[in-house]
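Chemist: requesting a structural model of the entry that follows:
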Amino acid sequence: MGKRGIPKFLVGWEDLPDEADTWEPIEHLPGSEDLIKEFRIAEKKRISKLEQQLEAAKTTKKRRFVKDAASSETGA
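Modeler: Below you'll find the model as predicted:
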């Protein structure tokens with residue numbers, strides 16, 4: 001997000017080095033609607049996958065903690 005909550009997209013310009021990439025508001029990107037839609041769909045999937053991994057890690061940590069606590073109580 002840019003200033004004032006306006007979304008901006010990092011644009012890599014063809015035939016230019018990465019240093020020439022610029023952040024552009026959507027109104028500067030006419031004709032890019034399909035690309036932006038694809039990007040947003042991919043981002044939602046990526047974020048969902050990360051959230052699932054985080055939840056799985058939390059669950060594993062809880063199980064490990066419960067197992068460790070049970071082992072301590074039995075003296076194992």
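Chemist: quick one: low-confidence parts of this protein?
Modeler: 1-3, 61-76 (pLDDT under 70).
Chemist: in it, which residue is closest to the centre?
Modeler: Nearest to the mean C-alpha position of the chain, by C-alpha atoms, centre = their mean, lies residue 47 at 4.3 Å.
Chemist: which helix or strand contains it?
Modeler: helix 33-74 (DSSP states H and E).
Chemist: residue 16: what secondary structure?
Modeler: At residue 16, secondary structure determined by DSSP: H, G, I helix; E, B strand; the rest coil is coil.
Chemist: any idea how far it lies from residue 38?
Modeler: Using C-beta to C-beta, to the nearest Å, residue 16 is found at 22 Å from residue 38. For the C-beta atoms, the positions are set from N, CA and C on the backbone; glycine is no exception.
Chemist: tell me the secondary structure for the nearest residue to residue 39 once chain neighbours are set aside?
Modeler: Once flanking residues are discounted, residue 39 sits nearest to residue 9: 7.4 Å by C-beta to C-beta, 6 or more residues apart in numbering. At residue 9 the chain is in strand, as set by three-state DSSP.
Chemist: give me the number of residues near residue 9?
Modeler: The tally of other residues near residue 9 (other C-beta atoms under 10 Å) stands at 16.
Chemist: settle this for me: it is touching residue 27, isn't it.
Modeler: No. When contacts are counted by C-beta atoms under 8 Å, residue 9 is not listed as touching residue 27 (11.0 Å).
Chemist: ok, now which ones touch the residue nearest to residue 20 when sequence neighbours are not counted?
Modeler: Once flanking residues are discounted, residue 20 sits nearest to residue 13: 5.5 Å by C-beta to C-beta, 6+ apart. Counting by C-beta atoms under 8 Å, 6 or more residues apart in numbering, residue 13 makes contact with 20, 21, 22.
Chemist: nearest to residue 54 among the residues you listed?
Modeler: Relative to residue 54, the closest of the contacts of residue 13 is residue 21; by C-beta to C-beta it sits at 29.2 Å.
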